[in-house]
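J.: Sequence and predicted structure are below.
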2 protein chains.
Amino acid sequence: MKGKVYLVGAGPGDPELLTLKAHRLLRNAEAVLHDDLVAPEILKLIPSTAQIHNVGKRCGKKKILQGEINCLMVALAASGLRVVRLKGGDPLIFGRAGEEIEFLRRNNIPFEIVPGVTSALGAAAAAQIPLTHRRASSALVLITAHRSSEHRVSEKDASDWRKFVASGATLVIYMPGQNYSDIARRLTSAGLAGETSCAVISRATTRHQRTHRTTVLDLHRAPQFASPTLLVVGEVVRLADPAAMVEEFVVPDLSPRKDSLLPVTLFKTFLSPAPRLRADEEPIA
Amino acid sequence: MKGKVYLVGAGPGDPELLTLKAHRLLRNAEAVLHDDLVAPEILKLIPSTAQIHNVGKRCGKKKILQGEINCLMVALAASGLRVVRLKGGDPLIFGRAGEEIEFLRRNNIPFEIVPGVTSALGAAAAAQIPLTHRRASSALVLITAHRSSEHRVSEKDASDWRKFVASGATLVIYMPGQNYSDIARRLTSAGLAGETSCAVISRATTRHQRTHRTTVLDLHRAPQFASPTLLVVGEVVRLADPAAMVEEFVVPDLSPRKDSLLPVTLFKTFLSPAPRLRADEEPIA
């Protein structure tokens, strides 16, 4: 009997943001291959009888090759197991699922893709940022700060950023890294006005969530939050609730963290009020 | 006692693609305001004691104003109820949540945003299209075919489409409408090559799902599927499984539908094989 592989999105972090389907599949998995970004509370759903393989590489030391993940996945399914390949967020966005799918097809392994809440949506919900808005942005662009197989910025990327910036779309930058000065430079080189609002959101939807709203000009002064982080850029960020952003810092975090900030700094950052919108009486689309 | 509003994403269609949180909130709702796109199976989760208001406008006759939705939502919460404002997909993408949030803030109604699986991700998962791919596309752009408050294509939109096309990003067009010739013309006017792959996906993740893969040049010949539909455009569409796209039509649908197609037409459409990718031995990012 042949097994099957389920490429499953684990959502942005909060275990309650798993889909019902992801939850059911995890509870019935016989083998799970997961990334490092998946929350421990989610991994606890896996039956104790199942094989669990951490195939992420963020834990630092090990360097697992994509080909090794592919082979392991196929071998487990070929031995008849129900395999869940669990990825943070949604499996089809920046997750190299394309390569895994191709390998599964080539080896005639039945598979199914189960979408998840991608991190951009989790972060926006937590920070109360409408990603599109009739009067601010009619498009959403999801990009990464660096390509997976190379560390320098390519000419093509720089040119693409210019196009995205020129469109006025909301940009969500996955994996922006910790070098905010560099990201800010790339955004302004791409033509973005320094006063454009942006927000760094760390560990969105988890209890460790941190949010910092600023402008591209002041982005270099943003605190170094724990990864994973996301950067949301665009006028819609001004529609985020400033109170909500300050609130999380009002309860002081007494543990020594390099990303802790004095409340006074934050109140200064959030002093400018969010723009008010008019009541609207047009028919909805 | 004050109530609370939950702006909740209902996901792309399949009730199992609700998040656990959305499921819990619906089961405990005292009032629900929902869009037309929300599946009947999902609405069945709402307790019989709850007020249910369909505030969508697709059902045709009625024209509910956004301001009326806002007022109803606030009135219900102000009377102490747990209100779920249920939107198809994710609430923060093309859903006018920004305006509802602003109205809730202005009226001091506590609220929370619960993200959902946006339709683009549901459709891509169902059609097995990796939305980003290291060798095909490193960005994803979500756009609508028309702005909500105006029916003609603005100069700004046309100019934006040119930028998105030039970037080579995967485009997902929400609400493309039924005039495929028009969409194809806009895409080619924006500089897209006629041979670029695209897929029309109708009622993604539901049992009524229909998928048609074609090129921008031949898009005008695509069947008129039932709404809601999505159009995915870009080289990544060639990575979709042609077999999977044909499969759904192998079981003949005997009910008379204007979108039914002869299998022979489909086999012709899907004759060209999906490109093969090389096995990959680079470390994953």
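T.: Thanks, I have it. Residues are numbered from 1 along each chain as shown, chains lettered A, B, ... in the order given.

J.: shouldn't residue A:139 be in contact with residue B:141?
T.: Yes: the pair residue A:139 and residue B:141 passes the contact test of CB atoms under 8 Å, sitting 6.2 Å apart. Every C-beta, even on glycine, is put in place using the N, C-alpha and C of the backbone.

J.: between the two, who's got more neighbours?
T.: Each of residue A:139 and residue B:141 has its neighbours counted (other CB atoms under 10 Å in any protein chain shown); residue B:141 has more, 28 against 24.

J.: before we move on, which element is the more buried one in?
T.: Assessed by DSSP states H and E, residue B:141 sits inside strand B:139-144.

J.: what residue ranges in chain A score low on pLDDT?
T.: A:1, A:57-62, A:146-153, A:242-285 (pLDDT under 70).

J.: Swap in 90 and give it another go.
T.: Residues of chain A meeting the criterion pLDDT under 90: A:1-2, A:36-37, A:56-66, A:95-96, A:134-138, A:145-160, A:178, A:227, A:239-285.

J.: what ranges do the helices span in it?
T.: Assignment of helices within chain A using DSSP state H yields the ranges A:20-27, A:40-43, A:66-78, A:97-106, A:119-127, A:155-167, A:180-189, A:242-250, A:263-269.

J.: returning to what we had before: what pairs with the strand holding residue B:141, parallel or antiparallel?
T.: strand A:139-144 (antiparallel), strand B:170-174 (parallel) (DSSP bridges).

J.: Using JSON lines, please lay out the ones you listed together with distance to residue A:16.
T.: Converted to JSON lines, the strands paired with strand B:139-144 look like this (distance: least, CB to CB, whole Å):
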{"stretch": "strand A:139-144", "distance to residue A:16": "23"}
{"stretch": "strand B:170-174", "distance to residue A:16": "26"}
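
J.: what's the closest of the ones you listed to residue A:219?
T.: Proximity of those to residue A:219 was assessed by CB to CB; the nearest stretch is strand A:139-144, lying at 15.9 Å.

J.: any common contacting residues for residue A:139 and residue B:141?
T.: A:169, B:164 (CB atoms under 8 Å, 6 or more residues apart in numbering or on different chains).

J.: Now stretch A:84-92: buried residues?
T.: Of the residues in stretch A:84-92, A:84, A:85, A:86, A:87, A:88, A:89, A:90, A:91, A:92 count as buried by neighbour count, 16 or more other CB atoms under 10 Å in any protein chain shown.

J.: Same check on stretch A:2-18?
T.: A:3, A:5-18.

J.: any idea how far residue A:37 is from residue A:206?
T.: 11 Å (CB to CB, to the nearest Å).

J.: Residue A:86 now?
T.: Taking CB to CB, one finds residue A:86 at 10 Å from residue A:37.

J.: Same question for residue A:159.
T.: Taken as CB to CB, the span from residue A:159 to residue A:37 is 29 Å.

J.: hang on, residue A:10 packs against residue A:90?
T.: No: judged on CB under 8 Å, residue A:10 makes no contact with residue A:90 at a distance of 9.2 Å.

J.: Name the residues that touch stretch A:9-16?
T.: Contacts of stretch A:9-16 (CB under 8 Å, 6+ apart): A:17-19, A:22, A:34-35, A:37-39, A:41-42, A:45, A:86-91, A:114-119, A:121-123, A:203-206, A:209, B:19-21, B:24, B:115, B:117, B:121.

J.: can you do 7 Å?
T.: A:17-18, A:22, A:38-39, A:41-42, A:86-91, A:114-117, A:119, A:122-123, A:203-206, B:19-21 (CB atoms under 7 Å, 6 or more residues apart in numbering or on different chains).

J.: Please convert the buried members of the residues you listed into ChimeraX selection syntax.
T.: Only the buried entries of the contacts of stretch A:9-16 go into this ChimeraX selection, using 16+ other CB under 10 Å:
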select /A:17,18,22,38,39,42,86,87,88,89,90,91,114,115,116,117,119,122,123,203,204,205,206 /B:19,20,21
